[in-house]
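Participant: Need the 3D shape of this:
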Amino acid sequence: METLLIVVIVLALVFDFINGFHDAANSIATVVSTKVLSPLTAVLWAAMFNFLAYWIFELKVADTVSKTVFSEYITLVVVMAGLISAIIWNLITWWMGIPSSSSHTLIGGFAGAGVAHAGGFEALQFAKIMPTIYFIVLAPVIGMLLSYIIAAITMQICRHSNPRKIDNSFRKLQLVSSALYSLGHGGNDAQKVIGIIGAAMLSQGMIGDIHHIPQWVPLACYSAIAAGTLIGGWRIVKTMGQKVTKLTPFEGFSAETAGAITLFVTQYFKIPVSTTHTITGSIIGAGLTKRISAVRWGVTIKLIWAWVLTIPISGLLAAGILRILELFLEH
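Facilitator: Next up, the predicted model:
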């Protein structure tokens, strides 16, 4: 059993690493597309703030994720099936350049494996899951509205200023906004993996609750997501930074600030949200300040389809993987 737990922890850190390069676009697409930072400098900047989140945020999101499935239905095989499903879906969407949610594929995989193991939906703690479901829609909408409002107010304040000076000022401000967004990304996404490892440890009676998790777990998770961000995810950077709408430093600042505010607030309320959904909505909001046609809605609709399908596909995939694992590990 100890060997199986080690395998689960390794898989969780592999997922966290993949999450880092899969979601690197969330932290750096805007700052790269506006040419404020080079791609290499941007990923170093994002990775640093992803890791610094360890010292800033409490384990609120981790606690929610660890309670996705009722404890009596959690086994190491259930957690393993969820992780393998999440890794597969993340790699598929990364290869296709689709910025799907790593958060939702992890929660969907964990939930799907739990349901398959229990033989029904009684395995799920819907009080923990439903806010995540609601925020599939709410996170991008909130990001879009905040970004639009921030951009509109800033445009009014700066309407009589020298355009070149404004551009230079927002290039500097974008460093701050991208750093804040990367903090939010680290505080949100790394914690989901902490929650999964915590669920595995809870199933073995190693800890009483997520707040008693050994310190090496969060340190390893934050390190893994930071390392993954350093690798980058250039296919998705192109989609996020260029295909949704073209951004100026002013618009990039508005999008990143709106995204950071959304992530900080949802983290406070223990709601695991998709950083991908959040920043996409924020980018759309910034683009709408120019005109509706500035947003490439065809690309956006494809992204929405990926968002809708991520949880059910991950859940079904995890259920199938669970049955295969059970044949080899529990008999």
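
Participant: how about the helices of the stretch 101-250 of the chain, start to end?
Facilitator: For the stretch 101-250 of the chain, applying DSSP state H, counting those that start in this stretch gives helices covering 102-118, 126-157, 163-185, 191-203, 216-231, 234-238, 249-268.

Participant: Which other helices and strands does the first one contact?
Facilitator: Which is helix 102-118. Under the contact definition 3 or more C-beta pairs under 8 Å, 6 or more residues apart in numbering; DSSP states H and E, helix 102-118 sits against helix 2-22, helix 60-66, helix 76-95, helix 126-157, helix 191-203, helix 275-288, helix 297-329. For glycine as for every other residue, the C-beta is placed from the backbone atoms N, C-alpha and C.

Participant: do the same with the fourth one
Facilitator: When contacts are defined as 3+ C-beta pairs under 8 Å, 6+ apart, helix 191-203 packs onto helix 2-22, helix 60-66, helix 76-95, helix 102-118, helix 216-231.

Participant: and if you look at the last one?
Facilitator: Taking 3+ C-beta pairs under 8 Å, 6+ apart as the contact definition, the neighbouring helices and strands of helix 249-268 are helix 24-33, helix 60-66, helix 126-157, helix 163-185, helix 275-288.

Participant: Out of those, which gets nearest to His211?
Facilitator: helix 60-66 (7.4 Å; C-beta to C-beta).

Participant: ok, residues contacting the closest one?
Facilitator: With contact meaning C-beta atoms under 8 Å, 6 or more residues apart in numbering, helix 60-66 is reached by 106-107, 110, 128, 131-132, 187-188, 191-192, 194-196, 198-199, 202, 209-211, 213, 218, 267-272.

Participant: mind listing what Ser274 touches?
Facilitator: Taking C-beta under 8 Å, 6+ apart as the criterion, Ser274 is in contact with Ser101, Ser102, Ser103, His104, Phe135, Ile136, Ala139, Trp307.

Participant: Neighbours of the fourth one, how many?
Facilitator: Right, His104. Other residues near His104 come to 29 when the count uses other C-beta atoms under 10 Å.

Participant: Nearest residue to it in space, please, no chain neighbours.
Facilitator: Spatial nearest neighbour of His104, excluding adjacent residues (C-beta to C-beta, 6 or more residues apart in numbering): Thr310 at 4.6 Å.

Participant: Make a PyMOL selection of the buried ones in the contacts of helix 60-66.
Facilitator: Per 16 or more other C-beta atoms under 10 Å, the buried members of the contacts of helix 60-66 correspond to this PyMOL selection:
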select buried, resi 106+107+110+128+131+132+187+188+191+192+194+195+196+198+199+202+210+213+218+267+270+271+272
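
Participant: picking up where we left off before, mean pLDDT lowest for which of the helices of the stretch 101-250 of the chain?
Facilitator: Lowest mean pLDDT within those: helix 234-238, a mean of 55.

Participant: Nearest to the spatial middle of the protein, which residue is it?
Facilitator: By C-alpha atoms, centre = their mean, the chain has its centre lying nearest to Thr275, at 4.0 Å.

Participant: Pretty sure it sits against Asn19.
Facilitator: No: in this structure Thr275 lies outside contact range of Asn19 using C-beta atoms under 8 Å: 9.5 Å.

Participant: Out of the helices and strands packed on helix 249-268, flag the one nearest Ala116.
Facilitator: Distance to Ala116, taken as C-beta to C-beta, is lowest for helix 126-157 among these, at 15.7 Å.

Participant: Show me what that closest one is packed up against.
Facilitator: So helix 126-157, by 3+ C-beta pairs under 8 Å, 6+ apart, packs with helix 60-66, helix 102-118, helix 249-268, helix 275-288, helix 297-329.

Participant: Show me what counts as buried in the longest one.
Facilitator: Neighbour-count burial for helix 297-329 flags 300, 303, 306-307, 310-311, 313-319, 321-322, 325-326 (criterion: 16+ other C-beta under 10 Å).

Participant: I'd like the mean pLDDT over that helix, please.
Facilitator: Confidence over helix 297-329 (mean pLDDT, whole number) is 84.

Participant: report the angle between the axes of that helix and helix 2-22?
Facilitator: Going by axes from the mean of the first three to the mean of the last three C-alpha atoms, to 10 degrees, helix 297-329 is angled at 170 degrees with respect to helix 2-22.

Participant: by how many degrees do helix 297-329 and helix 102-118 diverge?
Facilitator: 40 degrees.

Participant: quick one: contacts of stretch 125-135?
Facilitator: 64, 67-70, 103-104, 107, 111, 266, 271-274, 277, 311.

Participant: Show me which of those residues is closest to Val78.
Facilitator: The nearest member of these to Val78, counting by C-beta to C-beta, is Val69 at 7.0 Å.

Participant: His277 and Thr3, how far apart?
Facilitator: For His277, the distance to Thr3 (C-beta to C-beta, to the nearest Å) stands at 37 Å.

Participant: which one of those two has more residues nearby?
Facilitator: The neighbour count for His277 versus Thr3, taken as other C-beta under 10 Å, is higher for His277 (29 against 8).
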